[in-house]
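In: okay, predicted coordinates and the sequence, questions at the end:
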Amino acid sequence: MWEYDAQHDSIITAGNGGTKTTQAAFTIFYNQGTEKYELEQTLQPDEQMWIDVGKLIREQTADKNGKTLPANLTSGSYEFHDLTDHAIGSLFEGKVIYDKTYGHVTYGCALCCALNNPFFSYTPLNVPLGSTAENWVNAVRSCDGAWLNVTSSFDGGWTTANTNIATVDSVGVHTGISPGTTTTTAIGYLTGSRPPPACPARQQTATGSDTVTPQLRLTLGNQYNSIFVGSDSHLATPNSVFATVSPTGGTFTETSSASGDTFTPVSQNGPGWVVTTATQSASTGDRKLTIKYTVNGQTNTQSLNVTARQFAYVTNNSLGNICTLGYGTKQVYTYSPYTHPDKTAVQAGIGLSSTAVTENFNTQPPAGSVTGSGALDANSQFADTIAYCSTSPLPGWPTVTQTLSIAGYQVRQNTLAYSSSGVTYTSLGPTQ
Amino acid sequence: MRLPGANLKYAALLFLIALPVAMPDATAGQQSKGKGVPENKFLDAQVPEFELHNQTLVDGLWKLARTPMPFAFGLEKVLKKRLSDPEIQDPTFTFQLKNKTVHEVLDALCQMDPRFSWSMDGATVNVFPRAVVNDPAYLLNRKLERFELKNATDVQDGLLAIVRQLPPPLEQVANAQIGGADPYPPEPWTATLENLTVRQVVNRIAAHGGPCGIWIFGGANDFRSFGFFNTNPSPWLLKSKDSRPEDARP
């Protein structure tokens, strides 16, 4: 508390009682504590700062923020704070209020801003198995209830109850040893509430729990974050999710954000699952595949965001007529598939080799024509031969509508007009 | 039916399953490779489950040739007399086999559709109508004492060489198909083969495109056509496909 009027003035001092330079913050609170006036000063060891509150008011001295104290201010509270060391600090302070009329002098000391009730930033602290996680200690400053990071005051004071589950180093970095739970205790020294000059530190303890979770890393069977809609067994490669875990021997739970998606264990290189879906994504990356792995009651859950792609349409090219038997035409078309929802071309090497390409016809091809199914190749493309090529003149035939499907999904219709000179091909789309 | 190679253990079984049929390709040149690992080893491969639902022998062959070990086959359909005749309806059947060998499944298919029999020529399974086995005029039974192929880059080159090297009159053949592809190595192929039937030559022409080449022969006596399908990546094709062909919008 300080006073200033025609009869009183207050002089406040703070000194650095430590052995290192420190930064002292002095704050005057007024208007029922709603406003404050702030000064900062660097203090060398044994150096003191002197604050004449009356002078600050009279001379309208600006604080570090450019603010001045109201000229009619007569009383308020104040606080010193060691900005260099939140936890303990090295400031001591004193105050004198003198009565100019009667020569009465009041000596006083402010209360120490004690740091109480240390607590961890995280409890429980989740520590991945074989990896590290850091925790911090905070304390409540008695003067204003603020939370301060006082971790440095607990250096060297960290221990865990069960080092078979987790260990902790001198500065609060935990290492997961095996799945389970344990507790951590941190012992340190924080500014106490006993009177100055040094606000002596007192030993305090923080406790909390630690949870060590098993390791779980997921990888998809392709590098494009895609899975493919359909039940063709050859979709298994890109549609596989593999889990790398430590320790082994736990249990898995698999879920998808799309109801109806199923997970079938892979036949090799597991643990892993082949995801089968019948529904395409509405937008890129909206399908969330989640795997939960549990060991000793501890769980690690990881997810992959993928796009469920459905074969939608194809583009093609051809080298032209390659019939060499004398009559007719032979064209070999190379088709490249595209997928919905975002019209993405299926990437070469994504692992769709042998995925079925089927053909259907609304009127049967010419007698003698052989029809056969194809399959996607390693480039995720397929070839389609339209041959009507003979060593003798060809009979005519009605137009055929050819429907191509990949993994059961229609991607193209063509009309094939047969004549004695061969086949004329026309695309009916779709083109997007 | 005779199975070249060392599959005598199946001979009795086959004898019981199928009516004895003279082997159409029982010639000295039938096996292109007679030493080392048998080319028909895949016949002993186990098929964990094989199912057909109202499907034909052709459907079954396609399915079987893709699992568990892909293999080459040549299928000769029953030819119509004339192209204008109604289509010959292939019988359909439904059955399920478990833990059978490829050999046993082939037997079962030919038992279900007894119009057909099968044999081996090197690594190729030939399935053909029993009715043509003893018909020397049947195109695929015709003999080529000496067959020369020069700079072939397509199966059509092989077909043309066959009809040109058979004694007159000139046989008609066509390549009429929709679907699949029959890629051929880019390097021109020159070969001389002796004492082979047309069937065996077609086997070799198809096999040059890849080890699992499939060919199907059908149509009518007055319009005979082949379709060629390479359903599995050939070593030469994998090597030559360094990059993906440019796409072109339709």
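Out: Structure received. Residues are numbered from 1 along each chain as shown, chains lettered A, B, ... in the order given.
In: use CA for all of it now, contacts and neighbours both
Out: OK.
In: what mean pLDDT does stretch A:248-264 have?
Out: Stretch A:248-264 carries an average pLDDT of 97.
In: next, the distance between the ends of that stretch.
Out: Start and end residues of stretch A:248-264 are separated by 19 Å (CA to CA, to the nearest Å).
In: list the buried residues in that stretch.
Out: By neighbour count on 16 or more other CA atoms under 10 Å in any protein chain shown, the buried set for stretch A:248-264 is A:G250, A:F252, A:E254, A:T255, A:S256, A:A258, A:T262, A:F263.
In: distance check, the first one against chain B.
Out: I take that to be A:G250. Counting by CA to the nearest CA, to the nearest Å, the gap from A:G250 to chain B is 31 Å.
In: same deal with the second one?
Out: For A:F252, the distance to chain B equals 28 Å [CA to the nearest CA].
In: circling back: filter the buried residues of stretch A:248-264 down to the ones in helices?
Out: Filtering the buried residues of stretch A:248-264 for membership in helices, criterion DSSP state H, returns an empty set.
In: could you dump the residues you listed to JSON lines with distance to A:P430?
Out: Compiled in JSON lines, the buried residues of stretch A:248-264 are given as follows (distance: CA to CA, whole Å):
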{"residue": "A:G250", "distance to A:P430": "48"}
{"residue": "A:F252", "distance to A:P430": "42"}
{"residue": "A:E254", "distance to A:P430": "36"}
{"residue": "A:T255", "distance to A:P430": "34"}
{"residue": "A:S256", "distance to A:P430": "30"}
{"residue": "A:A258", "distance to A:P430": "27"}
{"residue": "A:T262", "distance to A:P430": "30"}
{"residue": "A:F263", "distance to A:P430": "32"}
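In: which of these sit farthest apart?
Out: Farthest-apart pair in these is A:G250 and A:A258; separation 25.1 Å (CA to CA).
In: how about the helices in chain B?
Out: B:11-17, B:57-64, B:102-112, B:155-165, B:198-209, B:235-240.
In: include mean neighbour count and distance to A:N239 when you put those helices into JSON lines, please.
Out: Formatted as JSON lines, the helices of chain B follow (neighbours: other CA atoms under 10 Å in any protein chain shown; distance: least, CA to CA, whole Å):
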{"stretch": "helix B:11-17", "mean neighbour count": "13", "distance to A:N239": "42"}
{"stretch": "helix B:57-64", "mean neighbour count": "18", "distance to A:N239": "23"}
{"stretch": "helix B:102-112", "mean neighbour count": "20", "distance to A:N239": "29"}
{"stretch": "helix B:155-165", "mean neighbour count": "19", "distance to A:N239": "37"}
{"stretch": "helix B:198-209", "mean neighbour count": "23", "distance to A:N239": "31"}
{"stretch": "helix B:235-240", "mean neighbour count": "12", "distance to A:N239": "24"}
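In: closest one to chain A among those?
Out: Minimum separation from chain A across the helices of chain B (CA to the nearest CA) falls at helix B:155-165, 6.6 Å.
In: for that closest one, packing partners?
Out: strand B:143-152, helix B:198-209 (3 or more CA pairs under 8 Å, 6 or more residues apart in numbering or on different chains; DSSP states H and E).
In: and the first one, C-alpha only, in CSV?
Out: What it means is strand B:143-152. In CSV, the C-alpha atoms belonging to strand B:143-152 read as follows (Å, rounded to 0.1, in the frame of the first residue of the first chain):
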residue,chain,number,x,y,z
LYS,B,143,0.7,-80.6,-91.1
LEU,B,144,3.5,-78.3,-92.0
GLU,B,145,6.6,-80.3,-92.7
ARG,B,146,8.6,-77.1,-92.7
PHE,B,147,7.4,-73.7,-91.5
GLU,B,148,9.5,-70.6,-92.1
LEU,B,149,8.7,-67.3,-90.5
LYS,B,150,10.7,-64.1,-91.5
ASN,B,151,10.8,-60.9,-89.6
ALA,B,152,7.4,-61.3,-87.9
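In: noted, bye for now.
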